[in-house]
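S.K.: Just need the structure, nothing else, for what follows:
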Amino acid sequence: GFILCHAALNSDAAALSLWKLALQSSTCLCLFRDEVFHIHKAAEDLFVNIRGYNKRINDIRECKEQALSHAGSMHRERRKFLRSALKELATVLADQPGLLGPKALFVFMALSFARDEIIWLLRHAENIQKKSTDDFIDKHIAELIFYMEELRAHVRKYGPVMQRYYVQYLSGFDAVVLNEMVQNLSVCPEDESIIMSSFVNTMTSLSVKQVEDGDVFDFRGMRLDWFRLQAYTSVSKASLGIADHKELGKMMNTIIFHTKMVDSLVEMLVETSDLSIFCFYSRAFEKMFQQCLELPSQSRHSVCFPLLCAHFMSCTHELCPEERHHIGDRSLSLCNMFLDEMAKQARNLITDICTEQCTLSDQLLPKHCAKTISQAVNKKSKKATGKKGEPEREKPGMESMRKNRLMVTNLDKLHTALSELCFSINYVPNLVVWEHTFTPREYLTSHLEIRFTKSIVGMTMYNQATQEIAKPSELLTSVRAYMTVLQSIENYVTIDITRVFNNVLLQQTQHLDSHGEPTITSLYTNWYLETLLRQVSNGHIAYFPAMKAFVNLPTENELTFNAEEYSDISEMRSLSELLGPYGMKFLSESLMWHISSQVAELKKLVVENMEVLTQMRTSFDKPDHMAALFKKLTSVDSVLKRMTIIGVILSFRSLAQEALRDVLSCHIPFLVSSVEDFKDHIPRETDMKVAMNVYELSSAAGLPCEIDPALVVALSSQKSENISPEEEYKIACLLMVFVAVSLPTLASNVMSQYSPAIEGHCNNIHCLAKAINQIAAALFTIHKGSIEDRLKEFLALASSSLLKIGQETDKMTTRNRESVYLLLDMIVQESPFLTMDLLESCFPYVLLRNAYHAVYKQSISTSA
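M.R.: Okay, the predicted model is just below:
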C-alpha cells in the first residue's frame, strides 16, 4: 500500500519500518486467486524513475536479499510453532468443549494465522526466486491443515455451546456495560441515542431459552446500525465524536464480535480459515497429498485433503455463475482421487501384511516338519552323518522372540503404517462436497473386495502350460490367513468385513466372478477334469477304494504331480470348504457333462450292434449260441473302457460329495440331519418328480442318493428328436446287455488282477460297479422303466457270461478270472436295488468265496 503513498516513507519512521517488515517477509502478493504481484520488482521499477529515491531502492534490494535468504526459514518455524499450538488447542477443546465460548477469539486467531502461513507457502512455492527450495517444501503441511479442520469441526459441532455462552454474555454483561456508558455520555444527540438504546434493548431481550428452542438469530440489522453510528460520529462537526469516546468504540466492536459468535459462526469460519485457493493450485495440492502419503507419520492426516475439497465452493462468485460447475467438478474429481489413493495405499499395506501372514502360516504346514523329523531320527541313530554340524532349521514362531523392544520387524512397520492410514480413513463417516456425499470407508471396502478376489485366484498358482495348481489344503490355509488379517482391519476401521467375505467368497463358488474372470471353482474344476481324471483314463493313476484316494501308478513317464496329494479325504474336504455347495454343484455338473458325452458314444456303439444284442438278450440260457453271437459284437473293449471312465468319474464325484457332507455337517449339523431325515423317509409310492426334488436337495448337501439327480438331468438333456421314446428305452436296455456280456473279456487283461491292499483293480475296473448301478438308475428313471427288473436282467446276463469263463481252458483268457468274478459282488454291494439272495440265485456264493480266497493267496505270493 505504501507504493501508492510513497511520500509517507520519507516523512514517517513508523511507516518506513512497517514497509521494510513487509518487504522482508514476502517476495510476492496475491492479486487474484493464482495471479501474483512481485512486490520488490514493482517497487524498484517505480522508484527508479523518481529522483532522490536511491536510498529507498537500496532498502528494497536489501529487503529482497533478506526475504530470499531468511523469509522461507522464518515461515517454516512459524508453521512448526503453529502445528504444536493448534494441536494443543484442538486437544484441549476436544476434552473441554465448554472452553470454546471464552476462547473463541483464540480459535479464530489460530485459524487465520495458520491459513495465512499455508497460503504464503503455496504462493511462494509456485513462485520461487531462489535456488534452494528446501524451505518451500513442507512435508508436515498436512498436519497443520488437519488441526485447522479439527478446530473447524469443533466450532461446527459445539456451535450451540458457543451461542449459549455469548447470548448470556450479551444480555448479562455487554448490555449492562453499554447502558452505563450511554448514561455517562455528556452529550448524546437524539439519533445516536435511539440507535444505542436499540442496541441495549436488543441485547437485553436475549435469553438462553431461544438457543434451546433452536431459534434463528439475526444481528445484521444491529451491525448495520453500528455502521450508521460510526458514520454519524465520524463527521467533522459531529456533536458526539467517536474519536473522543474510544472506550465506546472498543466496547461496540467487542459486542459486534460477540453477535457474530451467535449468528455468523459459519461465515466466521469461511472468513478466517477458507483454503479454497487450493482449487487453483491443483498440481501443488496433489504433490502435497503424495508427500503426505509417502511419510507414514503424516498419513494419519491425509484425510484433510478430501476435507479441503469442501472449501472450493466458497471461491465461486455470484457474478460468475458459469464457473460454479467447473469448480464443482474439480472439487469432486480431486476428492474422489484423494479417497481412492488413500484406499489403495491401505489396500497395499493390508496385502503386504497378508503376504507376510501367509508365509508364516505356510511354515506351519505338515510338509515342513519332515526335515525336523528326519533330523531327530538321525540324531537318535548311531550312524554318524557325513555332514558336520548341519544347521538346525529355524522353527515357526522364532520371529516373535525379541531381545529388546527396539527390534522392529517389517510386520511391525506395516501395522504401524496401516493404523496411521486407517485413522485417516475412519476419521469421518462421510463428507459432503458440492452436494455429493463421499464415504471413505466404502472406497476401502471396494478395493479390498477387488484385491481379495485377485489374491484368492492368484494363490491357486494355476499354470496352464505345466498344468500345476496349489493343493486345496494349502490354498485354504492361505485364504484363512488372509481372512484373519482382513478381520483384524475391523479394529482399525468401522467396516463390515463379513460383507467383503460374502461378496468375494460367494463369487468364487460360481464359474465366473462379477468381472467375468475365472474363479477358483472354474480353475479347480478344469484341473481335476483335464489333468487328474484324464491321467486316470490314460492308465497312469488308479482309484484306491481302501484309501479313498487316487494314486499314481508306476509308469515310464513320471507325472509332475502326486494324485494322492490332491484327492485324499483331507484335500477333498479343503476343496469343499473353498468351493462351497455351489462350487461343488458346478464341479458335479461338469463331471456329469463328461459322463453324458461318454453315454452318447456308448449309445452309438449299441446302435451298431443292435441286432446281435437283441438276440443275446433272449439267449442267455444258450451258451453255444451266445458264444457265436458274442463273436459278432464289435467295439467290446471300447464299451468297457468308456464304462470304466464313467465309473472313475462317479468315484471321484462320490469322494467330492462325501467331503462336502463332512464339511456341511461341521458347519450346519442340524440342517444336514434334517435333510438326511427327509431323504431317508421318502415313501416308496412317492411320485418320481417329488422324489427327484428330495434327491436334488440331498445331493446338494453331499448325501448319496439311490438315483443321482445330476446324472438324470445330464442324460435327459441328450434325448434325440429322431428316435422315439420306445427306441431310446430299448437302447438303454441293450446298453446294459452289452456291458453284461462284455465283462468276461476283462479276465484276459493283465491289469485286471484284484489287489486286497487297495480293495480294487489297478486298471480301475472296480469302478464299473458304481458306473453300472448309477447309469442304470438314471437311464431307467428317465425312461420310466423298472430299475430293479433291468438290474436283475443285467445280473442274470453277467453271471451266465462269467460262469462260461469257468469252463475255459485257455490260461491267457482266464488269467484273472477270479478277480473279475468279484465284480459281481461289488455290483450287488454298491446297488440299493439288488440283494445277495438274488446274486446267489444266479451265481453260487461258493465261487465268490473261492475267488476271494484265490486273489488274497495270489497277492501274498506276489508280495513275497
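S.K.: low-confidence ranges in this structure?
M.R.: 129-132, 382-392, 719-721, 806-813, 863-864 (pLDDT under 70).
S.K.: contacting residues around the residue nearest to Leu99 when sequence neighbours are not counted?
M.R.: Nearest-residue entry for Leu99: Leu93, 6.0 Å, with adjacent residues in sequence omitted and distances by Cβ to Cβ, 6 or more residues apart in numbering. Just so you know, the C-beta spots here come from the backbone N, C-alpha and C atoms, and that holds for glycine as well. Counting by Cβ atoms under 8 Å, 6 or more residues apart in numbering, Leu93 makes contact with Leu99, Leu100, Lys103, Val107, Leu151, His154.
S.K.: And for Phe550?
M.R.: Leu532, Val536, Ile541, Ala542, Tyr543, Phe544, Ala563, Glu564, Tyr566, Ser567, Phe652.
S.K.: Sort out which of those are in strands and list them.
M.R.: Ile541, Ala542, Tyr543, Phe544 (DSSP state E).
S.K.: Am I right that the first one is in contact with Leu553?
M.R.: Meaning Ile541. Yes - contact criterion Cβ atoms under 8 Å: Ile541 and Leu553 qualify, at 6.3 Å.
S.K.: Looking at these two, which is more packed in?
M.R.: Ile541 (25 against 17; other Cβ atoms under 10 Å).
S.K.: So what sits opposite that one in the bridge?
M.R.: Going by DSSP bridges, Ile541 is paired in beta bridges with Asn552.
S.K.: coming back round to it: farthest pair within the contacts of Leu93?
M.R.: The largest separation in those, counting by Cβ to Cβ, is between Leu99 and Leu151 at 12.1 Å.
S.K.: what's the first-to-last distance across stretch 268-277?
M.R.: Stretch 268-277 stretches 17 Å from its first residue to its last (Cα to Cα, to the nearest Å).
S.K.: And the contacts of Leu93, which is closest to Phe338?
M.R.: Nearest to Phe338 among the contacts of Leu93, with distances taken as Cβ to Cβ, is Leu151, at 20.7 Å.
S.K.: helix or strand for that closest one, which one?
M.R.: helix 141-157 (DSSP states H and E).
S.K.: what do you get for Cys63?
M.R.: helix 54-66.
S.K.: Which residue ranges of the stretch 301-450 of the chain form helices?
M.R.: For the stretch 301-450 of the chain, applying DSSP state H, counting those that start in this stretch gives helices covering 304-308, 323-363, 369-380, 410-425, 440-459.
S.K.: Those helices: which one's closest to Glu468?
M.R.: Per Cβ to Cβ, nearest to Glu468 of these: helix 440-459, 13.2 Å.
S.K.: Now do that closest one: which elements does it pack against?
M.R.: When contacts are defined as 3 or more Cβ pairs under 8 Å, 6 or more residues apart in numbering; DSSP states H and E, helix 440-459 sits against helix 323-363, helix 410-425, helix 472-488, helix 497-507, helix 520-527.
S.K.: Could you identify which of those helices is most buried?
M.R.: helix 520-527 (a mean of 22; mean count of other Cβ atoms under 10 Å).
S.K.: elements contacting that helix?
M.R.: helix 440-459, helix 569-608.
S.K.: for these, which one sits closest to Ser171?
M.R.: helix 440-459 (42.5 Å).
S.K.: and that closest one with helix 410-425, angle?
M.R.: Helix 440-459 and helix 410-425 are oriented at 150 degrees to each other (axes from the mean of the first three to the mean of the last three Cα atoms, to 10 degrees).
S.K.: nearest to Cys63, of the helices and strands packed on helix 440-459?
M.R.: Nearest to Cys63 among the helices and strands packed on helix 440-459 is helix 323-363; the distance by Cβ to Cβ comes to 36.1 Å.
S.K.: who are the neighbours in contact with Met313?
M.R.: Ser276, Arg324, Ile327, Gly328, Ser331, Trp434 are the contacts of Met313 under Cβ under 8 Å, 6+ apart.
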